[in-house]
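Chemist: predicted model and sequence below, questions to follow.
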Amino acid sequence: MNTKSFILIGPGAVGLSISSLLMDNDYRCTAVVARTTDGEDQINSWLGQDIPVELWEEWVPEPSEFVLVATPDDTLEELGVQLAQKYHDVSSSGTTFIHFSGIQSSEEFLPLRRLGYAAASLHPLQSVPSVERGRKGLIGCSWAFEGDSKSLCSAIVDKLDGTLTELTAEDKVPYHLAAVFASNLLIALEAMAVDIAGATKMSEEEFFRMFAPLIRQSLDNIIEQSPGKAITGPIKRADTSTIQKHLDWLKKADQKYRTVYSELSHYLMEVLLAEDTITLQDVDDLAQILDDSA
């Protein structure tokens, strides 16, 4: 088996970003496996012309130190079965199969473990919308590890100047859910803010030019202090008159905005109460206004 050699299955943005970065750090990709040849030009542009691109149906595995599996989360269980079939007669049982799912565990590759192979999940806590952005964003990011071959995964992360946090299989769902709240649902809130600002005839471009400093400062405050200490605005001040004006306007808007405003305001009150920033009487007064508007 060739040490520091790997095979990539699934040449999307995540797979190509990680593979190209590893190749910059003396790892050797011996094959890329894909369902079609549609992306062959992109594969060659990021990994080089010498890397063979194999079609999944025709691919016959060769020994390698590890196999990177960068396919969608819902394909992994079936792929584990199919890989076990393909690797049943491969001589090197020292290979580790690594997938990048944030929510699925290494148990998805149980059929491979039964053949004596190792399996791990190694999730980069970073958004990878393209290879260009992935190559920048993956350097120095945090990675969640679960499964076998911790030393191998640690070495991969070290090459990318990242930090490794070990999880159990049971940790994967709340970990991934936290990532969704921290990223995707945050984006949903900003998209709602753009829509609401549109009532003033403000364009999306104008919104971000005006609101970007506020968004950045809020994130900095959260990271540098804590969510509780970063809260500002009418809920913290128990400013019932301002909140009532918000709610009066929201009655004329789509129900979803009112629901999100009310639910998140209730949660902010819980956080502020735990911080001893507002009183129980403040909570009662605020809750009455919010609930009366529902």
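Modeler: Good, I have the coordinates.
Chemist: would you mind measuring from the nearest residue to Val69 once chain neighbours are set aside to Leu79?
Modeler: Distance criterion Cβ to Cβ, 6 or more residues apart in numbering; nearest residue to Val69, sequence neighbours excluded, is His99 at 4.2 Å. C-beta here means a position set from N, CA and C on the backbone, and glycine is covered the same way. Distance from His99 to Leu79, counting by Cβ to Cβ, to the nearest Å: 8 Å.
Chemist: the residue nearest to Val69 and Ala70, how far apart?
Modeler: Applying Cβ to Cβ, the value for His99 to Ala70 is 7 Å.
Chemist: please apply the same query to Gln288.
Modeler: According to Cβ to Cβ, Gln288 stands 51 Å off from Ala70.
Chemist: okay, the two: which has more neighbours?
Modeler: Legend: neighbour count by other Cβ atoms under 10 Å for Gln288 and Ala70, higher for Ala70 (21 against 11).
Chemist: these two touch, right, the more buried one and Phe97?
Modeler: No - Ala70 is beyond contact range of Phe97, at 11.7 Å (criterion: Cβ atoms under 8 Å).
Chemist: hmm, back to that, for His99 and Leu79, list the residues in contact with both.
Modeler: Both His99 and Leu79 are contacted by Val69, Thr71, Glu108, under the criterion Cβ atoms under 8 Å, 6 or more residues apart in numbering.
Chemist: I'd guessed the second one sits against Leu79; true?
Modeler: What that stands for is Thr71. Yes - contact criterion Cβ under 8 Å: Thr71 and Leu79 qualify, at 6.1 Å.
Chemist: His99 and Leu79: which has the busier surroundings?
Modeler: Remark: of His99 and Leu79, His99 carries more neighbours, 27 against 22, as counted by other Cβ under 10 Å.
Chemist: backbone phi and psi for that one, please?
Modeler: Dihedral angles of His99 (phi, psi; degrees, to the nearest 10) stand at phi -110, psi 160.
Chemist: contact partners for it?
Modeler: Leu68, Val69, Ala70, Thr71, Leu76, Ser106, Glu108, Phe109, Ala120, Ser121, Leu122.
Chemist: let's see 6 Å
Modeler: With contacts defined as Cβ atoms under 6 Å, 6 or more residues apart in numbering, His99 is in contact with Val69, Leu76, Ser121.
Chemist: now those residues in a markdown table, with pLDDT?
Modeler: Listed next are the contacts of His99 as a markdown table, based on pLDDT from 0 to 100:
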| residue | pLDDT |
| --- | --- |
| Val69 | 97 |
| Leu76 | 96 |
| Ser121 | 97 |
